[in-house]
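Undergrad: Pasting the sequence and the predicted model now:
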Amino acid sequence: MSTTVERRREAKVVELVETTEEPRSTRDRVLAWALPLVALCVLVAGALTWWRASGHDQEMVDEAALRDRVLIVATSHIETLNSLDHRKVDEGLKGWAAVTTGTLHDQLTSVTEEDRKVLAEQKKISTGSVMDAAVTELDDDSATVIAAVEITVRDGSGSAEDAEPTVKRNRFAADLVKVGDDWLLESLEQVAVNMS
């Protein structure tokens with residue numbers, strides 16, 4: 001009898017356990033799907049944000065590298081156009097031609113023999129040094145640069161070589177264009193200093 005009673009008790013306990021277990025609610029089922037879905041969305045959004053940011057950073061790095069390259073080239077070219085040694089006029093004019101293009105190039109390469117003689121007879125040695133410069137406009141094939149230039153002019157004639165040099169300070173605006181792989185000066189204009 002005790003086994004029959006024990007079996008009945010066990011059956012009642014099992015029945016009681018089964019009836020106290022509630023079926024899964026709708027809320028639990030929604031949470032079971034929603035949490036992984038939200039986690040997936042956050043993961044995808046993070047990945048997209050990282051991908052966009054990394055591409056944008058590369059664009060900025062490329063633009064900065066281009067800006068630096070243009071600034072270095074412009075500085076060198078502006079110094080070249082503000083330098084000339086009376087003892088090497090032809091070499092100086094070739095240097096000017098090598099860093100220019102367009103109308104400026106045409107003007108500098110059309111220097112007559114008489115003009116070359118005048119440059120040599122003046123017996124001056126000018127050296128341009130860019131003190132500061134900045135790129136103000138830039139795209140893939142053109143740029144504008146402003147520069148503060150110090151031009152030292154020495155008298156290169158005989159006993160006057162020991163004389164104090166004359167130092168001039170000018171500001172220039174330069175337009176550069178990309179010709180092939182090279183950046184060349186298309187124009188170089190002196191900018192007036194406004195003393196107001």
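TA: Thanks, I have it.

Undergrad: Point me to the helix or strand that includes the most centrally placed residue in the chain.
TA: For the chain, the residue lying nearest the average C-alpha position, counting by Cα atoms, centre = their mean, turns out to be Ala64 (1.8 Å). Using DSSP states H and E, the element containing Ala64 is helix 26-81.

Undergrad: which element follows that helix toward the C-terminus?
TA: Past helix 26-81, further along toward the C-terminus, the next helix or strand under DSSP H and E is strand 84-85.

Undergrad: Measure how far that following strand is from the centre of its chain, please.
TA: Relative to its chain's centre, strand 84-85 lies at 33 Å (Cα atoms, centre = their mean, to the nearest Å).

Undergrad: the inter-axis angle of whichever helix or strand comes after that strand versus helix 26-81?
TA: Along the chain past strand 84-85, the next helix or strand (assigned with DSSP H and E) turns out to be helix 89-98. Using axes from the mean of the first three to the mean of the last three Cα atoms, to 10 degrees, one finds that helix 89-98 and helix 26-81 are set 160 degrees apart in direction.

Undergrad: Can you mark which positions in helix 89-98 are buried?
TA: Residues of helix 89-98 classed as buried: 89, 92-93, 95-96 (neighbour count, 16 or more other Cβ atoms under 10 Å). Bear in mind the C-beta positions are built from the backbone N, C-alpha and C, glycine included.

Undergrad: Stretch 172-186 now?
TA: Residues of stretch 172-186 classed as buried under the neighbour-count rule (16+ other Cβ under 10 Å) are 172, 174-176, 178, 183-186.

Undergrad: so which of the residues you listed comes closest to Thr100?
TA: Leu185 (4.9 Å; Cβ to Cβ).

Undergrad: so how far is Thr101 from that closest one?
TA: 7 Å (Cβ to Cβ, to the nearest Å).

Undergrad: Also Arg29?
TA: Taking Cβ to Cβ as the measure, Arg29 falls 73 Å from Thr101.

Undergrad: Those two - which one has more neighbours?
TA: Neighbour comparison, Arg29 and Thr101: the larger count goes to Thr101, with 18 against 10 (by other Cβ atoms under 10 Å).

Undergrad: Test my guess that that one contacts Leu188.
TA: No. Contact criterion Cβ atoms under 8 Å: Thr101 and Leu188 do not qualify, at 11.6 Å.
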